[in-house]
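Undergrad: Just to be clear, the model below is a prediction. Sequence and coordinates:
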Amino acid sequence: MDQIENLLECITNTNGKTQSIYLNMLDENHIKSNKRIVVSQLITKLLTKRKTRPLGYRLLLCYLNQNSLEGSEKSANVWFTIILKSLNVSEISLYGEIIYEALALLIKNIQCDFNLSKAFGSVYVLKVVEKFSLKEILEDDCCTLSALHSVEQCLKYYPRSLKSGKSGIENFLINLLDSNNDDIVFQTGECWLLLQKVRGSLSIGAKNDETQWRDYQLILLGSLYSIINKSFPISEEIFVGTVVSNHLSQFEVHLTEDPVKRAAQVCQRFCNLIDFLKIALSKPYPDKKLIFTQQILCFIQRGISLKINNKSNPKMDYVCFKALLPQMQIKLLELLEVLIDICHTHLRMHFRTILSILLESLENTKLISNEGNRLQYVKFRFVVYKTISIWCSNLKEGSHCEIISEPLINELLDDVTQRQLILSKESIEGKKIPETQFFTFNCLSLSENEKLLHKEAFSCLHLILTSSGHLLRNSVMKESTDIYILFQFLIC
């Protein structure tokens, strides 16, 4: 063990990359050994000195990833004390990421020891929460993500101990509402959901977990409507149900005067709140979740029907929002996918609303295509077909896709075949064009995104024929089947 200690002493002054190489070697060869007490003492020694502390945290992460805290209970208490001391401006700026990662992993590992877990909940957890107010955490995305992991562990295991610290966590999460980092957005959404388990919030006076989750759902919906109302003209109020209007302030967006920044701000906040709602709907929760399907569907329908025009929007707003609106509507379809996956046949009674959303989404892609934005068209239409596929596969005959089968299948066939009518010299000279059309399908001439679109369109056509084929008109069914068989053969 002295050899390991000497080695660690040698690499103390090297850079992080070099240290990682040696730590990986130690992780594979020594950390898994039965000398846990000696290793934990070495970690404590490194953490105690400011100079060797970064290396100590790296070694602690290796240790916690491979070992339980059995036999290291006293060391764990010392580590918590040192971590709290490290949560200061200078150390967070230098190596905040590994401090918070070590904290999150340590909180997770102490759950197997009742005494350690109880001690952390009564002594340390609120002190940890106080440190989330440091602005330096937000200066680096990696540090922010690690801090969110720590928040998640605190909320997951100590909701009862965080009653007085809930506002501090809320303030930290509010700072991340407009993040454009996907990992941070996802982790923030998970933390907002876990935060609903903490009782006694000033912003949500809920009586139990069920009503707290319900109010959170309505807060998200109300906040999303608020964004739409501020940014786009509304001809009618579609939202059905109660929105707790005085609870919207925590997610309220304060728009800037710069139209370019304003549109980007609206789009980012809108997309992030949609992600939070998706997480709230799909992730586990300790109590029954009452999902307001009608309100969510009405909101999606409202968002999909948004149109930008020069008359109701200033010129610069028109240009900026028009560019970002498809991205917002793609998020709405992702929300619809989550709702379908969760509710399944419970959505059967709303089939007309859902079909209307799907058909209008297809129409929106045509507008994008007419403007020559091919990449955005391909991405948008891919999501539309994916949503239709999920709807058909979940509800089968209950999807009622035969109602919109003709316009839908025509669009699908266009994308499946990329059909081009081959005009011969005879037809150009005025002879009658034969009814049989010849199609060309050159995979090599397509981009990767277009290949994915054709694959998704083909899959969507297959699901429509499987679920509603027997309800289609004969002519539509024949054309669809012929094309399906032809291109199944070509793909093979």
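TA: Thanks, I have the structure now.
Undergrad: Same question for stretch 347-356: list its buried residues.
TA: Neighbour counts over stretch 347-356 (16 or more other CB atoms under 10 Å) mark 347, 350-351, 353-356 as buried. All C-beta spots, glycine's among them, are computed from the backbone N, C-alpha and C.
Undergrad: Tell me which of those residues fall in helices.
TA: 351, 353-356 (DSSP state H).
Undergrad: any chance of the buried residues of stretch 347-356 in CSV, with distance to D183 and pLDDT too?
TA: Below are the buried residues of stretch 347-356 laid out as CSV (distance: CB to CB, whole Å; pLDDT from 0 to 100):
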residue, distance to D183, pLDDT
L347, 31, 94
H350, 33, 95
F351, 36, 95
T353, 33, 96
I354, 31, 96
L355, 35, 96
S356, 35, 95
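Undergrad: and those residues as TSV, adding distance to I107?
TA: Below are these laid out as TSV (distance: CB to CB, whole Å):
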residue	distance to I107
L347	39
H350	42
F351	46
T353	44
I354	42
L355	47
S356	47
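Undergrad: So which of the ones in helices among the buried residues of stretch 347-356 is the closest to W79?
TA: Using CB to CB, I354 comes nearest to W79 of those, at 52.5 Å.
Undergrad: I'd say the closest one and L333 touch.
TA: No - counting by CB atoms under 8 Å, I354 does not reach L333; the two are 10.9 Å apart.
Undergrad: List just the nearest of the ones in helices among the buried residues of stretch 347-356 to E152.
TA: The closest of those, once distances to E152 are taken by CB to CB, is I354, at 33.5 Å.
Undergrad: Spatially nearest residue to Q41 (excluding sequence neighbours)?
TA: S75 (7.1 Å; CB to CB, 6 or more residues apart in numbering).
Undergrad: That neighbour: what's it in contact with?
TA: Listed by CB atoms under 8 Å, 6 or more residues apart in numbering, the contact set of S75 reads 40-41, 43-44, 69.
Undergrad: how near is it to I403?
TA: Distance of S75 to I403, computed by CB to CB, to the nearest Å: 66 Å.
Undergrad: List the buried residues of stretch 149-157.
TA: 149-155, 157.
Undergrad: What is the burial count for the residue nearest to L255 when sequence neighbours are not counted?
TA: Nearest residue to L255, sequence neighbours excluded (CB to CB, 6+ apart): R262, at 5.1 Å. Per other CB atoms under 10 Å, the neighbour tally for R262 reads 19.
Undergrad: from memory R262 sits against R269, does it?
TA: No - if you go by CB under 8 Å, R262 and R269 don't touch, sitting 10.8 Å apart.
Undergrad: before we move on, the earlier item: roughly how far does the residue nearest to Q41 sit from K85?
TA: From S75 over to K85 the distance is 15 Å, taken as CB to CB.
Undergrad: And N175, by the same measure?
TA: Distance of N175 to K85, given as CB to CB: 24 Å.
Undergrad: can you check Y124 too?
TA: Computed as CB to CB, the Y124 to K85 distance reads 12 Å.
Undergrad: Comparing the two, which residue is more hemmed in?
TA: Using other CB under 10 Å, the more surrounded residue of Y124 and K85 is Y124, with 20 against 13.
Undergrad: So for stretch 159-171, what gets flagged as buried?
TA: Residues of stretch 159-171 classed as buried by neighbour count (16+ other CB under 10 Å): 159, 161-162, 165-166, 168-170.
Undergrad: just for this protein, where's the confidence low?
TA: 1-9, 12-13, 16, 25-35, 71, 200-209, 233-248, 309-314, 417-446, 483-492 (pLDDT under 70).
Undergrad: Show me which helix runs longest in it.
TA: Under DSSP H, the helix in the chain containing the largest number of residues is helix 315-343.
Undergrad: what separates it from the chain centre, distance-wise?
TA: Chain-centre distance of helix 315-343: 14 Å, with CA atoms, centre = their mean, to the nearest Å.
Undergrad: Then stretch 389-404?
TA: 26 Å.
Undergrad: top of the contacts of S75 by neighbour count?
TA: Busiest of those [other CB under 10 Å] is I43, holding 27 neighbours.
Undergrad: Can you name the residues that contact it?
TA: I43 touches 56, 59-60, 63, 75, 79, counting by CB under 8 Å, 6+ apart.
Undergrad: Mind doing that once more with 10 Å?
TA: Contact partners of I43, counting by CB atoms under 10 Å, 6 or more residues apart in numbering, are 8, 55-64, 72, 75, 78-79, 82, 102.
Undergrad: so the strand or helix carrying Q295 versus helix 315-343, what angle?
TA: Per DSSP states H and E: Q295 is located in helix 293-304. Orientation check (axes from the mean of the first three to the mean of the last three CA atoms, to 10 degrees): helix 293-304 against helix 315-343 gives 150 degrees.
Undergrad: How far does helix 293-304 sit from its chain's centre?
TA: Distance of helix 293-304 from the chain centroid (CA atoms, centre = their mean) equals 19 Å.
Undergrad: Check which helices and strands it is in contact with.
TA: Applying 3 or more CB pairs under 10 Å, 6 or more residues apart in numbering; DSSP states H and E, one finds that helix 293-304 contacts helix 209-231, helix 259-282, helix 315-343, helix 351-370.
Undergrad: Pull out the buried residues from it.
TA: 293, 295-304.
Undergrad: could you dump those residues to TSV with distance to L339?
TA: TSV is the format used below for those (distance: CB to CB, whole Å):
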residue	distance to L339
T293	7
Q295	11
I296	6
L297	7
C298	12
F299	11
I300	8
Q301	12
R302	15
G303	13
I304	14
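Undergrad: Return the member of those nearest to L452.
TA: Lowest distance from L452 to the buried residues of helix 293-304 (CB to CB) belongs to I304, with 22.1 Å.
Undergrad: overlap in contacts of R262 and R269?
TA: 253, 255.
Undergrad: before we move on, back to that, just the closest of the ones in helices among the buried residues of stretch 347-356 to I21, please.
TA: The shortest approach to I21 among these belongs to I354, at 54.1 Å (CB to CB).
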